[in-house]
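Trainee: give me the fold of what follows.
(2 chains)
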Amino acid sequence: MAALDWLNVLVAAILLAGIYAVMSVGMTIIYGVMKIVNLAHAGFMMLGAYFAYELFERLHLDPLWGAVLAFPMFFAIGRLVYWLFVRWLPVSNQPTLASLLLMFGIWLVLQNLAYLIWGNQDRSIFTPRTFLTTQIGPITVSTLRLVAFAVAVVSLLVFEVVLRRTWYGRSVRALIQNRYAGQLVGVDTKRTASLTFGLGIAFAGMAGALFASLYSFNPDFGRPFLIRSFVIIVLGGLESASGVALGALVLALAETVGILFVPAGYQLAISFGLLVVVLLVLPDGLARLFERKYRPA
Amino acid sequence: MRAASSIAGSLFRAVRIQVLLPIAVWVTLAAIPWVGVEPNLVRLLFVTFIWTITGIAWNLVGGFAGQVSFGFAVFYGLGAYAAAILINEGVHPYLAFGAAGLVASFASLIVGVPTFRLRGPYFAIATIGVSETVRVIMTNLSVTGGASGYRIVEKRAFNQAEHFYSALVLLTVSFLLSVWIARSKFGLALVAIRDDEPAAADVGVNALTNKLAVHGVAAALAGMAGGVYARYAAFIHPQGVFAFNTSVYILLIPVIGGLGTLFGPVLGGVIFGIVEEQLVATFPEAHLLIYGALLILIVLLEPGGIIGIARKVRLPRRLRSAT
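Mentor: Residues are numbered from 1 along each chain as shown, chains lettered A, B, ... in the order given. So this is what the prediction gives:
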């Protein structure tokens, strides 16, 4: 393969990694702060896709605006779900059986509500921009992917600033590092957990809406992405947001290159294979290899 | 004197409900094909047995050892395919069932070895990954007919009673095995791992080997259940035996009945076997929605399931000790 082809693959992988990072960062902060594996993440991504779809069909709103609007909308939904269900879970430093089963139940409900509302046929969003391409130097990329990537990167940067500069961000980092020490210095765990759950769901909804303009979707949409999110988080070291970007890039690269050698039907096997390898070789994640000084953030 | 006799009395009552009732139920069940019940009821019982076996198997891993698996359909499906292929090759069905258990047990290592060394959610998530991957592979595998499924051709007359008894025997074996595990040192080790893994490790419990062992046993039971089912159904396909729904059902059965108890999966299996038929017929679209809502309600309101409610109600006092 020519060098130019490899460059194309690399750019495609980076663009994909941006959305992958948005999708995984929500799962990471929820896990970091509450030690809950949000299995319902896939369900909220799927709802995010339908949210963008409905806005596009009814109000003719561009799906990228849908992605931006999905953020506050799913933040509210996330806080509601927290208030209704999640806050009753016993607090633990380990993911509990109860939390896994609860989030799984919520996922089943969301998925099957969507089947009732939208049926099981695949939907997709076509805008005049869908097939546009942009020429950057010698390589050609889809404009839509480029814009989706920009939206993803901006939202991640804003989130990084929030984590570093605000009191909420400090509470989140404190709870991720040491829950009890955080409580001792007066971090309001309930409020931080509620906000974090809302933010995590907001990122899930936004990622779903971003994917909606790139792929077709149905109520089962999101399940493969649940595995991918988890691979990314494990790659990034389960509790660090900076690792998420790295993990997303590694997975996106593996998938984009893998598709050249493996039939598309087996793509999920690539991410799963990567998960097994990482668990066996470096269970602490890639991030620990490179940066030990900047632990969680 | 008085105290001693009342202790003896309550012991007798406990023994009565724990041993005599299951034996009475078992004898009744075993007699069913003899008294000429309609074939559809025998089929319903057969399916209920299969679900109950998988529920007992899941409970060993999820209830006793506290490791949540979302991928038991993998073992069920692999067992079904292994038995199906062997029966078509002319192997005796009962040998094929045993081989199905071995195949499933071997497959359990693929998830267990990388994830059981670590604490945390790794195992639970990896099981979702494995079940997705295996279904994709089986859907594309041409040897077994891929997505269009696999047919079992047996060169003998169909005998419903034989299928019924093979399921009943496997159910009995599974239940007795779970009783034995619950009372053995092995079972104690599993419960210790569930309750506090670092503490268990401190007193010399090897978490990795114990988790691998119980996962292997449970996979073998689920695989054999798949094999028995495949022989009865005579046709299996990846979207059936490997379906995500199958994993959901298997997990739901012990959760409904009562996690970590001996009778929980049996109660759950009976309820599920009967309700599932009605639900699928009445709400073909919404039955998973109902199961999801049920799961949320059980986790938040009564994590002990039916057995938990029975313990709280205090009415059947004997049932409390029966678990």
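Trainee: residue A:52: what's it in contact with?
Mentor: Under the criterion of C-beta atoms under 8 Å, 6 or more residues apart in numbering or on different chains, the contact list for residue A:52 reads A:63, A:66, A:67, A:70, A:125, A:208, A:209, A:212, A:213. In short, each C-beta sits where N, CA and C put it, glycine included.
Trainee: that one: which element?
Mentor: According to DSSP states H and E, residue A:52 maps onto helix A:41-59.
Trainee: ok so, going back, nearest to chain B, of the contacts of residue A:52?
Mentor: Within those, proximity to chain B (C-beta to the nearest C-beta) peaks at residue A:208, which comes in at 18.1 Å.
Trainee: can you verify my assumption that that closest one contacts residue A:51?
Mentor: Yes: contact between residue A:208 and residue A:51 holds when scored by C-beta atoms under 8 Å: they sit 7.5 Å apart.
Trainee: which residues of the stretch 151-300 of chain B fall in helices?
Mentor: For the stretch 151-300 of chain B, helices defined by DSSP state H, counting those that start in this stretch occupy the ranges B:160-183, B:185-195, B:197-202, B:207-233, B:238-241, B:244-257, B:264-282, B:287-301.
Trainee: give me the distance between residue A:191 and chain B.
Mentor: Residue A:191 sits 21 Å away from chain B when distances are taken as C-beta to the nearest C-beta, to the nearest Å.
Trainee: tilt between the strand or helix carrying that residue and helix A:41-59?
Mentor: Using DSSP H and E, residue A:191 sits in helix A:189-212. Here the directions of helix A:189-212 and helix A:41-59 differ by 60 degrees (axes from the mean of the first three to the mean of the last three C-alpha atoms, to 10 degrees).
Trainee: helix or strand right after helix A:189-212?
Mentor: Downstream of helix A:189-212, the first helix or strand assigned by DSSP H and E is helix A:223-236.
Trainee: is any part of the helix or strand following that following helix close to chain B?
Mentor: For helix A:223-236, the following helix or strand on the C-terminal side (DSSP H and E) is helix A:241-258. No: applying C-beta under 8 Å from any C-beta of the partner chain, one finds helix A:241-258 separated from chain B by no less than 12.6 Å.
Trainee: packing partners for helix A:241-258?
Mentor: Judged by 3 or more C-beta pairs under 8 Å, 6 or more residues apart in numbering or on different chains; DSSP states H and E, the packing partners of helix A:241-258 are helix A:3-34, helix A:143-165, helix A:223-236, helix A:267-281, helix A:286-290.
Trainee: interface residues of the stretch 51-200 of chain A facing chain B?
Mentor: A:85, A:88, A:94-95, A:97-98, A:100-102, A:104-109, A:111-113, A:115-116.
Trainee: list the buried ones in the helix holding residue A:52?
Mentor: Buried residues in helix A:41-59, counted by 16 or more other C-beta atoms under 10 Å in any protein chain shown: A:41-53, A:55-56.
Trainee: buried subset of the residues of the stretch 51-200 of chain A next to chain B, written for PyMOL?
Mentor: Selection of buried members from those for PyMOL, criterion 16+ other C-beta under 10 Å:
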select buried, chain A and resi 85+95+97+98+100+101+102+104+105+106+107+108+109+111+112+113+115
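Trainee: list the ones among the residues of the stretch 51-200 of chain A next to chain B that fall in helices.
Mentor: Using DSSP state H, the subset of those located in helices is A:97-98, A:100-102, A:104-109, A:111-113, A:115-116.
Trainee: give me every residue in the stretch 1-150 of chain B lying close to chain A.
Mentor: B:62, B:66, B:68, B:70, B:110, B:113-115, B:117-122, B:124-126, B:128-130, B:132-133, B:136-137, B:139-140.
Trainee: residue ranges with poor pLDDT in the stretch 101-250 of chain B?
Mentor: Within the stretch 101-250 of chain B, no stretch has pLDDT under 70.
Trainee: please redo it, this time with the cut-off set to 90
Mentor: Scanning the stretch 101-250 of chain B for pLDDT under 90 picks out the ranges B:109-163, B:195-198, B:201, B:234, B:237-246, B:248.
Trainee: picking that back up, tell me how far the helix holding residue A:52 lies from the chain's centre.
Mentor: Centroid separation between helix A:41-59 and its chain, computed with C-alpha atoms, centre = their mean, to the nearest Å, is 15 Å.
Trainee: pick the most deeply packed of the helices and strands packed on helix A:241-258.
Mentor: Sort those by mean neighbour count, taking mean count of other C-beta atoms under 10 Å in any protein chain shown, and helix A:223-236 sits at the top with a mean of 26.
Trainee: show me what contacts residue B:95?
Mentor: With contact set as C-beta under 8 Å, 6+ apart, residue B:95 has these partners: residue B:86.
Trainee: picking that back up, buried subset of the residues of the stretch 1-150 of chain B next to chain A, written for PyMOL?
Mentor: Here is the PyMOL selection string for the buried members of the residues of the stretch 1-150 of chain B next to chain A, based on 16+ other C-beta under 10 Å:
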select buried, chain B and resi 62+66+68+70+114+115+117+120+121+122+124+125+126+128+129+130+132+133+136+137+139
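Trainee: can you flag which of the residues of the stretch 1-150 of chain B next to chain A belong to helices?
Mentor: Here DSSP H is the test, and the residues of the stretch 1-150 of chain B next to chain A give B:110, B:113-115, B:122, B:124-126, B:128-130, B:132-133, B:136-137, B:139-140 as lying in helices.
Trainee: picking that back up, now the helix holding residue A:52 - C-alpha only, CSV.
Mentor: Provided in CSV are the C-alpha atoms of helix A:41-59 (Å, rounded to 0.1, in the frame of the first residue of the first chain):
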residue,chain,number,x,y,z
HIS,A,41,-24.8,3.9,28.1
ALA,A,42,-25.6,2.1,24.9
GLY,A,43,-29.3,2.9,25.5
PHE,A,44,-28.7,6.6,26.0
MET,A,45,-26.5,6.7,22.8
MET,A,46,-29.3,5.1,20.9
LEU,A,47,-31.8,7.7,22.3
GLY,A,48,-29.4,10.4,21.3
ALA,A,49,-29.4,9.2,17.7
TYR,A,50,-33.2,9.2,17.7
PHE,A,51,-33.2,12.6,19.3
ALA,A,52,-31.2,14.0,16.4
TYR,A,53,-33.4,12.1,14.0
GLU,A,54,-36.6,13.5,15.3
LEU,A,55,-35.3,17.1,15.4
PHE,A,56,-34.2,16.6,11.8
GLU,A,57,-37.5,15.1,10.6
ARG,A,58,-39.8,17.4,12.4
LEU,A,59,-38.0,20.7,12.6
